[in-house]
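Student: structure for this input, please:
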Amino acid sequence: MIEGFTALYIFMLSAFTGYEVISRVPVILHTPLMSGSNFVHGIVLVGAMVAMGHAHGPLELVIAFIGVMLAAGNAVGGYVVTERMLEMFKSSKRGS
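Tutor: Numbering: from 1, shown residues only. So this is what the prediction gives:
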């Protein structure tokens with residue numbers, strides 16, 4: 001297993017890299033990027049559930065449960081945002 005400071009370093013490095021990559025995406029590509037990231041959110045949810053399955057003790061179980069809840073909320077929120085963005089591109093049909 002990864003030790004504490006190494007895991008923290010990897011987390012900070014990935015957060016910085018993710019921020020830099022996302023901030024440079026043109027506006028026109030945000031909808032495809034969101035739909036692609038929803039796939040990644042699903043994988044994060046599965047990983048959180050696996051971590052919860054391997055938890056030993058009440059503290060680890062609580063932290064894993066919080067991780068599952070946050071990952072599930074992130075996945076659902078991503079789909080809601082993508083749906084709202086796609087609604088903006090639909091043409092409005094006016095009845096005569």
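
Student: what helices or strands is the strand or helix carrying V76 leaning on?
Tutor: Per DSSP states H and E: V76 is located in helix 58-89. Where contact means 3 or more CB pairs under 8 Å, 6 or more residues apart in numbering; DSSP states H and E, helix 58-89 is packed against helix 30-53. The way it works is simple: take the backbone N, C-alpha and C, and place the C-beta from them, glycine included.

Student: list the buried residues of the helix it packs on.
Tutor: Going by neighbour count (16 or more other CB atoms under 10 Å), the buried part of helix 30-53 is 34, 37-38, 41-42, 44-45, 48, 51-52.

Student: quick check, nearest of the residues you listed to S14?
Tutor: Taking CB to CB as the measure, V44 is the one of the buried residues of helix 30-53 closest to S14, at 12.0 Å.

Student: measure that closest one to A15 for me?
Tutor: Distance, V44 to A15, using CB to CB, to the nearest Å: 14 Å.

Student: show me the shaky parts of this structure.
Tutor: 1-2, 27-35, 92-96 (pLDDT under 70).
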